[in-house]
Structure formats: structure tokens, C-alpha cells
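> using only what follows, build the 3D model:
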Amino acid sequence: MAAASAVADQPKFFTALFSRRAVLIALVIFVVLVLLCVFAPLIAPADPAKMSVRARLTAPGADYLLGADAFGRDVFSRLLYAGRVSLSIGLGVAAVSSAIGIVIGLMAGFFRRLDAPMSRLVDAMMAFPDILLAIALVSILGGSIVNVVIALSIVYAPRIARIVRASTLVIRELPYVEAAVSLGSSTFFIMTTHVLRNILSPIIVQATFTFAYAMLAEAGLSFLGVGIDPSTPSWGTMINEGRQYIDQAAFLIFFPGIAISIAVLSLQLIGDGLRDALDPRLSKDL
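Here you go, the predicted model:
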């Protein structure tokens, strides 16, 4: 009932969410970052793919706000367009992994016969280090945005599945679920209406963290050269391209690295705020 009560009492929810100034600042920063990337065609001062030999490795200044890369391309413009790719991958992974995790977790938690085999499958997947499993999957599927989203979704879905399963095991034993079963309600109706609606809180929080983890993982894969196509700008590919010029132009790594750090830290703080606001044990204190 936590998610339903939080939605029903929105003033209390927002009071709890923004009671910590750090969460409010993080939300503002993240929204501004997203808006900058969304409106990149209007904000970017130059074509991110336009090259200029004369501007090669130009330091940040009046002509190039954040400098120019090894091909003379404007770093600020590329940073904005790369952010669209990185944020899209993070959002896509959060959505797809949540969908997969919800299905697996509900099935394992609601049907006792499926609990053991599905739980063992989830445990086996979580036994592999995230980055190694992601590298293996991307190597099999190939380097593209869609394949990276699929690979990272497979990697992070077990985390959400475990949370959904644990919550479902508790919800299915509650009186109102037993009453719905006694009244002859369909299994699908019970799982979606009585179970899923009441475990949305931990799912939302975990999806927020997954968003951040996915962005870091994509950057790591691109840095290792097994991520998306190098011709597609992302914050990870920008760091990978700039590492060989770190002695001459450290800003090529610094700016995309700062962008990733800001986005991930903001999402982590937002996730912490959501977790506190949606925790029913804190409602009596608000």
C-alpha cells in the first residue's frame, strides 16, 4: 500500500522528497542537464560533426567554449549531442530492465513452483561481475545503441527482479489478496492491481539507480572500445577518443567526465530522496 498512499497524499510526499536541500539541488541540476541535451540543436554553437584542421586541439576560449578535439570539432556541441545518447541509453536500460525484472519477480514471488528455478537463474546472473557480463553480451550482440541497451538491461534486470520477488512474497500473503483469490479474481488482475500497484515504490527507486548505473556502464564499455559505434558521440566515446591526447589536451576527457559525474551523482541523490519519501516508516514523522 506504500505506493498508493504516497500518491494519494502528494503534499506529504513532496514535502518529504524536498526536505533535503541536496535532493532539490540534484533534481534542478539534472533537469537543466536534460534540457540542455534535449534542445542541443538550438543551443549548440556548431555542427558537432564539422571538422577543422586549423582548430585541432584548440584550448577552451572565445572561439571554442570548451575547446576543440583532435579533428577540430567543437567539444561543447559534441558534449550536448553526446548527452542525448548517454541519457537515452540510461533511460532505455532503466525502462527495459524494470519491465524484465517486474515480470520475473512477479512470477517468482506469486507462483511457488516457479520461485526456485527463477531465483536460481537470477542468482546465477548476479554471480557475474556487471561489467564482464556486459562486455560478453555486447561482444555477442554487436556494438550499437540498441544492443547496448539490451545487454545492460539483461545485466541489471536481476536486481529489480529480486526486489520485486521479495515484495511480492509479502504482498501475496496479505488478507486483501487472499480475499481477491476467494472471490475468483483472475491471476492477472490480482498480480497487476493488488500486487504490482503496491510494490511500485521500491521499483521506482531501483529504476532511478539503474539509470545512473547504466550511464556509467555505457561509458565504461565505450572507454574499452566495446560499446556503441565510435562514430556516434556519447560521453563514454568522447573520453575514449580523448585519452590519447591527455598530455596535450586534458580537457577532452575532463568535460565529458564531469558531465557523467554530475548526471550520475544527481540521479543517486534523487534516488535517495525518493527512497526516503516513499518509505512508509517515515510517514509518521512528516
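
> got the residue ranges for the helices in the protein?
Along the chain, counting by DSSP state H, helices occupy 2-8, 10-17, 21-38, 40-43, 75-110, 112-126, 130-141, 145-171, 175-182, 187-189, 200-224, 235-242, 251-278.

> so which of those comes closest to residue 52?
With CB to CB, the closest approach to residue 52 among the helices of the chain belongs to helix 75-110: 12.3 Å. Glycine gets a C-beta too; all of them are placed from N, C-alpha and C.

> go through that closest one and flag the buried ones.
Using 16 or more other CB atoms under 10 Å as the test for burial, helix 75-110 gives 75-87, 89-94, 96-98, 100-102, 104-110.

> now swap in stretch 247-260 and tell me
Buried-residue list, stretch 247-260, by 16+ other CB under 10 Å: 249, 251, 252, 253, 254, 255, 256, 257, 259, 260.

> most packed of the helices of the chain?
Comparing these by mean neighbour count (mean count of other CB atoms under 10 Å), helix 235-242 ranks first with a mean of 25.

> in contact with residue 73, which residues?
By CB atoms under 8 Å, 6 or more residues apart in numbering, the contact set of residue 73 is 46, 48, 49, 50, 51, 52.

> likewise residue 241?
Counting by CB under 8 Å, 6+ apart, residue 241 has contacts 69, 70, 230, 252.

> which among the residues you listed gets closest to residue 149?
Using CB to CB, the contacts of residue 241 come closest to residue 149 at residue 230, 17.5 Å.

> what's the residue lying closest to residue 152 once chain neighbours are set aside in contact with, if anything?
Distance criterion CB to CB, 6 or more residues apart in numbering; nearest residue to residue 152, sequence neighbours excluded, is residue 93 at 4.5 Å. Neighbour list for residue 93: 149, 152, 153, 156, 210, 211, 214 [criterion: CB under 8 Å, 6+ apart].

> mind redoing it with 7 Å?
149, 152, 153, 156, 210, 214 (CB atoms under 7 Å, 6 or more residues apart in numbering).

> surely residue 84 touches residue 36?
No: the pair residue 84 / residue 36 is not scored as a contact, 9.7 Å apart, by CB atoms under 7 Å.

> with mean pLDDT as extra columns, can I get the helices of the chain in TSV?
Supplementary listing: the helices of the chain in TSV, determined by pLDDT from 0 to 100:
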stretch	mean pLDDT
helix 2-8	45
helix 10-17	65
helix 21-38	90
helix 40-43	90
helix 75-110	91
helix 112-126	85
helix 130-141	86
helix 145-171	89
helix 175-182	80
helix 187-189	80
helix 200-224	87
helix 235-242	86
helix 251-278	87
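
> among these, which is nearest residue 57?
Nearest of the helices of the chain (CB to CB): helix 251-278, 8.0 Å.

> so that closest one versus helix 21-38, what angle?
130 degrees (axes from the mean of the first three to the mean of the last three CA atoms, to 10 degrees).

> helix 251-278 vs helix 200-224, what angle?
Using the same axes, to 10 degrees: helix 251-278 against helix 200-224 is 170 degrees.

> please tell me I have it right and residue 266 contacts residue 29.
Yes: between residue 266 and residue 29 a contact is recorded at 5.1 Å, counting by CB under 7 Å.

> nearest residue to the middle of the protein?
residue 211 (0.8 Å; CA atoms, centre = their mean).

> how close does that residue sit to residue 183?
39 Å (CB to CB, to the nearest Å).

> got the contact list for residue 134?
151, 152, 155, 217, 221 are the contacts of residue 134 under CB under 7 Å, 6+ apart.

> which one of these is nearest residue 56?
Nearest to residue 56 among those, counting by CB to CB, is residue 221 at 27.2 Å.
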